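Peer 1: Predicted model follows, preceded by the sequence.
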Amino acid sequence: MNDLKKLVRDVPDFPKKGILFKDITTLLQNSKGLRDTIETISNYYKDKKVDIVVGAEARGFILAPVIAFNLGAGFTPIRKPGKLPYEKISMSYALEYGTDVLEIHKDGVRQGQHVLMVDDLLATGGTMSACCKLVESLGGNIIGCAFLIELTALNGKKALDKYDLLSVIKY
């Protein structure tokens, strides 16, 4: 996975001063890097009987539908407020640099479905924790949380310790 690390660009002071942003667009532009990322996550969960893959806005959207396709599963987005057109539920959560709100359609996950949660980055765990609470409130059974990148120093896996976690790249 060190080859994948080389494809991630660091952007200092984004989205605010003091944050070192891990930009995955450079990895996504590389066909082998993109393929290796998708295959690593898909292969890890291929025998887990995933019904639906949930992707968190915004960069989770890039990875989750392709992983869902590979697993023969459906895809459901979790979005920021005002982006979903149908009945939804919402959850407020803390970020490493502020607070935000996420929403999911009320019919985005059905009772008892096996759900794989996907996002690009695990930092403090706040975003994914909120996503998991939304899915569980709809009756989804979370079988795992997959990330392209984990920032280990921020210990976000502690907030998600009851779930199976996969991080393709760790910093």
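Peer 2: Done, it's in.

Peer 1: So the most centrally placed residue in the chain, which state does it fall into?
Peer 2: Nearest residue to the geometric centre of the chain (C-alpha atoms, centre = their mean): residue 119, 1.5 Å. Under the three-state scheme (DSSP: H, G, I helix; E, B strand; the rest coil), residue 119 adopts strand.

Peer 1: mind checking how far it is from residue 146?
Peer 2: Counting by C-beta to C-beta, to the nearest Å, the gap from residue 119 to residue 146 is 8 Å. All C-beta spots, glycine's among them, are computed from the backbone N, C-alpha and C.

Peer 1: likewise residue 80?
Peer 2: Summarising the geometry, the distance separating residue 80 from residue 146, computed by C-beta to C-beta, is 21 Å.

Peer 1: got a list of what residue 44 touches?
Peer 2: For residue 44, the contacting residues are 144, 146, 166, taking C-beta atoms under 8 Å, 6 or more residues apart in numbering as the criterion.

Peer 1: Which members of those residues occur in strands, if any?
Peer 2: In strands, defined here by DSSP state E, the members of the contacts of residue 44 are 144, 146, 166.

Peer 1: Where does the prediction get shaky in this protein?
Peer 2: Residues of the chain that meet the criterion pLDDT under 70 lie in 1, 96-97.

Peer 1: which residues of it fall in strands?
Peer 2: Per DSSP E, the chain has strands spanning 9-12, 20-23, 52-56, 74-78, 88-95, 98-105, 114-122, 141-150, 165-170. These are given in chain order.

Peer 1: Give the buried residues for the fifth one.
Peer 2: Within strand 88-95, the residues that qualify as buried by neighbour count (16 or more other C-beta atoms under 10 Å) are 88, 91, 93.

Peer 1: Run the angle between the longest helix belonging to the chain and strand 52-56 for me.
Peer 2: Residue-count comparison of every helix in the chain, with assignments taken from DSSP state H, identifies helix 31-45 as the longest. Inter-element angle recorded for helix 31-45 and strand 52-56: 130 degrees (by axes from the mean of the first three to the mean of the last three C-alpha atoms, to 10 degrees).

Peer 1: Can you give me the buried ones in helix 31-45?
Peer 2: Taking 16+ other C-beta under 10 Å as the neighbour-count basis, helix 31-45 is seen to contain the buried residues 33, 34, 36, 37, 38, 40, 41, 42, 44, 45.
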